[in-house]
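*Asks:* What follows is a protein structure lacking sequence information:
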């Protein structure tokens, strides 16, 4: 099954301001996210905020008086300003803010994102393979709790773009919500959305998956977004939805994978909430992953709140 729709509607308007939040702990992984976000901000004329969170538990365990904590704050602010200076040397017109805060990192990140009306959070993941090394990290907690999209970046990326976006479709209602974000990206950047789904031996499951596909195609047509639909062949894609999504994304040199952080399942018999999401984030070596938490209603809204 392969359909292509190419009529791009040029009269669609999207907001100009876009704010990107980048939590940074100065590790290689977080610096990879910084420079991905910077190039993304430069490409999309966005504002970027670099945030460092001092963990309360760390402060209490390592420091005994306020003067030591104040000194640490000053050191962190200096490092953030040095990072900002380095960025502005290469991108002088970029709007870059820096912020130091304290508390539980994932809670502070979500709070700052909400207060600053952030559109996207960009975070680095470590280079680990295997969920045991990823689970429990700040990135994981943000992925599971954030009310706005989070782009997880594993390795250093250059020239980020959104020409090819992959979205896996399953049988869940929440799976449809990612279409909203794909529409917004496709409208603004003339992306081609690659919709993929897997065969399921369960007739009812396959019927629901195809219904989601038809709805997705209808929304893309309505908004003039280019798309291709692909039913993955079991012979070429023998694994589960997570691994097959990564394989397909790498084959087409995709620029982004868009997933839900919960309910990414391919079969009725596989109801491990979030398992495919974590697998994709952990194992996607080349392609950044945009993670979206599902809304309770399962409804799609292509207006109002959104990426742009």
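*Replies:* That came through fine. Just so it is clear, the model here is predicted, and its values are computed rather than measured. Residues are numbered from 1 along each chain as shown.

*Asks:* State whether residue 51 is indeed within a helix.
*Replies:* No: Residue 51 is assigned strand when assessed by DSSP: H, G, I helix; E, B strand; the rest coil, not a helix.

*Asks:* Near it, how many residues? Count them for me, please.
*Replies:* With neighbours defined by other C-beta atoms under 10 Å, the count for residue 51 comes to 23. In this view, the C-beta of every residue, glycine as well, is placed from N, C-alpha and C.

*Asks:* for residue 168, same thing?
*Replies:* Neighbours of residue 168 (other C-beta under 10 Å): 27.

*Asks:* and the host helix or strand of residue 218, which residues are buried?
*Replies:* Per DSSP states H and E, residue 218 falls inside helix 203-222. Judged by neighbour count using 16 or more other C-beta atoms under 10 Å, the buried positions of helix 203-222 are 205-206, 208-210, 212-213, 216-217, 219-220.

*Asks:* Residues in contact with stretch 243-254: which ones?
*Replies:* Stretch 243-254 has contacts (C-beta atoms under 8 Å, 6 or more residues apart in numbering) with 164-166, 168, 194, 196, 198, 230, 232, 237, 239, 257, 259, 276, 279-280, 283-287.

*Asks:* can you list the domains in this protein?
*Replies:* 4-12+158-292, 19-153 (automatic domain parsing).

*Asks:* Turn those into TSV, including mean pLDDT.
*Replies:* Shown next, in TSV, are the domains of the chain (pLDDT from 0 to 100):
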stretch	mean pLDDT
domain 4-12+158-292	78
domain 19-153	86
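
*Asks:* measure residue 43 to residue 159 for me?
*Replies:* Applying C-beta to C-beta, to the nearest Å, one obtains 8 Å for the distance of residue 43 from residue 159.

*Asks:* Backbone dihedrals for the residue in the chain sticking out farthest from the centre, both of them.
*Replies:* Here the chain reaches farthest from its C-alpha mean at residue 65, the gap being 38.9 Å by C-alpha atoms, centre = their mean. Torsion angles at residue 65 (phi, psi; degrees, to the nearest 10) stand at phi -140, psi 160.

*Asks:* Thank you kindly, that will do.
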